[in-house]
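Trainee: following is a predicted model, sequence given first.
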Amino acid sequence: MGAGGIIGQIPIGWLADRMNRMLLAAVCTLLVTLAAAVMPLVLAHHPWNLAFMLVFGAVLSGIYTVAMVIIGQRFRGADLAAASALFGIMWGSGSVLGPPAGGLAMDFYAPHGLPLTLTLLFALFLLLPVGAWLRERSGGPADVRTPLLRGRRLALGIAFYALAAAADVAATLVGTGGNPALEGNPILRGTMQWLGPASGLVIQKGIIGVVVIGIAVFGEGAIRRGDPWIWKIPMTRWVRRWMQRGDRSWIAFVPLYAAAAGQSAACASWLALALLV
């Protein structure tokens, strides 16, 4: 993994000079998220595990490399020094807090607690570069604070979904005892059997989260601006008039909160089953 981090600097830096840097950061984060999810399946197979960790280290270090390039691109002078110092402090803080969190996760769900934790964290972090890249494509400034920190409804919705999804993952793993056959949802059961109980759960929750958060982030702006494609969606005349009467951008958050509520209900069902049994 360390060797991959050293070797990966050259190709990642080369790519950063030849493509959209925010997109490259998003691709690196996505690859790390997927790699962390499948890590339990790969590490047991030698020598493929060595090649896997080499590539994993290269892509993981690429996030740091591209982030430093973006900082150099966006800031100058004293602002650059301050941004670099703050970035170093945050990176170091994560390096200090991460190992205890990973250790607790491994105590809670050994031996896959660490990959599970990495997958959840990087899946949440993925929202930032993806949101900034799409904002660049739409012609707006690539504000790296977006979309996670914009708006209380969005921030609360993401937090609600992340907590509900994590609780449902934990409740499902405990309720099934790691046996996918005990999962009632056929799609989820198939994913757990294909990728493993923990990885299958995390990947499915991550995909659902990315979709509903994407709808919230970009649907809100489109409805607020009245983009033409909004009015091409099939709707009754009553709904169309209702949409035109005022700001209905909050509708974009309905799938996010509904998905979070669904995760909460699924977790509650496992808890209720445990109490009844």
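Mentor: Right, received. Where do you want to start? Predicted, not measured: the structure shown is a model, and the values here were computed from it.

Trainee: how near is the residue nearest to residue 2 when sequence neighbours are not counted to residue 166?
Mentor: Leaving aside its sequence neighbours, residue 2 sits nearest to residue 57 (CB to CB, 6 or more residues apart in numbering; 6.3 Å). All C-beta spots, glycine's among them, are computed from the backbone N, C-alpha and C. Residue 57 sits 26 Å away from residue 166, taking CB to CB, to the nearest Å as the criterion.

Trainee: same thing with residue 249?
Mentor: Taken as CB to CB, the span from residue 249 to residue 166 is 28 Å.

Trainee: and residue 88, by the same measure?
Mentor: On the measure of CB to CB, residue 88 and residue 166 end up 29 Å apart.

Trainee: can you give me the helices in the stretch 1-150 of the chain?
Mentor: Secondary structure of the stretch 1-150 of the chain (DSSP state H, counting those that start in this stretch): helices at 2-7, 9-16, 21-42, 48-74, 77-108, 113-125, 127-137.

Trainee: can you give me the buried ones in the last one?
Mentor: Read that as helix 127-137. 127-136 (16 or more other CB atoms under 10 Å).

Trainee: what's the angle between that helix and helix 48-74?
Mentor: In terms of direction (axes from the mean of the first three to the mean of the last three CA atoms, to 10 degrees), helix 127-137 departs from helix 48-74 by 50 degrees.

Trainee: CA atoms only: put helix 127-137 into PDB for me.
Mentor: Output of helix 127-137 as PDB, limited to C-alpha atoms (Å, rounded to 0.1, in the frame of the first residue of the first chain):
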ATOM      1  CA  LEU A 127     -20.600  13.900  -2.500                       C
ATOM      2  CA  LEU A 128     -18.200  16.800  -2.300                       C
ATOM      3  CA  PRO A 129     -16.100  16.400  -5.500                       C
ATOM      4  CA  VAL A 130     -19.100  15.100  -7.500                       C
ATOM      5  CA  GLY A 131     -21.200  18.100  -6.500                       C
ATOM      6  CA  ALA A 132     -18.300  20.500  -7.200                       C
ATOM      7  CA  TRP A 133     -17.700  19.000 -10.600                       C
ATOM      8  CA  LEU A 134     -21.300  19.100 -11.700                       C
ATOM      9  CA  ARG A 135     -21.500  22.700 -10.500                       C
ATOM     10  CA  GLU A 136     -18.500  23.500 -12.800                       C
ATOM     11  CA  ARG A 137     -20.300  21.800 -15.700                       C
END
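
Trainee: same for that helix, what does it pack against?
Mentor: helix 21-42, helix 197-225 (3 or more CB pairs under 8 Å, 6 or more residues apart in numbering; DSSP states H and E).

Trainee: what about stretch 169-189, distance to the chain center?
Mentor: Chain-centre distance of stretch 169-189: 22 Å, with CA atoms, centre = their mean, to the nearest Å.

Trainee: my read: residue 72 touches residue 80, true?
Mentor: Yes. Look at residue 72 against residue 80 with CB atoms under 8 Å: they come within range, at 6.8 Å.

Trainee: can you tell me the closest non-neighbouring residue to residue 102?
Mentor: residue 114 (4.5 Å).

Trainee: ignore the last one, residue 174
Mentor: Going by CB to CB, 6+ apart, residue 174 has residue 270 as its nearest residue, at 7.3 Å.

Trainee: what about that neighbour, how many residues nearby?
Mentor: 18 (other CB atoms under 10 Å).

Trainee: what does residue 71 give?
Mentor: 16.

Trainee: and the gap between it and residue 25?
Mentor: For residue 71, the distance to residue 25 - CB to CB - is 11 Å.

Trainee: for the closest residue to residue 38 other than its chain neighbours, report the pLDDT, please.
Mentor: Using CB to CB, 6+ apart and skipping the chain neighbours, the partner closest in space to residue 38 is residue 199 (5.9 Å). With respect to pLDDT, residue 199 has a value of 73.

Trainee: could I get the CA-only coordinates of stretch 52-72 as CSV?
Mentor: Taking C-alpha atoms only, stretch 52-72 is exported to CSV below (Å, rounded to 0.1, in the frame of the first residue of the first chain):
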residue,chain,number,x,y,z
PHE,A,52,-5.0,-4.9,-5.0
MET,A,53,-3.3,-3.1,-2.1
LEU,A,54,-0.7,-1.6,-4.5
VAL,A,55,-3.5,-0.1,-6.6
PHE,A,56,-5.5,0.8,-3.5
GLY,A,57,-2.6,2.8,-2.1
ALA,A,58,-2.0,4.6,-5.4
VAL,A,59,-5.6,5.7,-5.8
LEU,A,60,-5.9,6.6,-2.1
SER,A,61,-2.9,8.8,-2.2
GLY,A,62,-4.3,10.4,-5.4
ILE,A,63,-7.0,12.0,-3.3
TYR,A,64,-4.4,13.9,-1.4
THR,A,65,-2.4,14.8,-4.5
VAL,A,66,-5.4,16.1,-6.4
ALA,A,67,-6.6,18.0,-3.3
MET,A,68,-3.3,19.8,-3.1
VAL,A,69,-3.4,20.6,-6.8
ILE,A,70,-6.9,22.1,-6.4
ILE,A,71,-5.8,24.2,-3.5
GLY,A,72,-2.9,25.6,-5.5
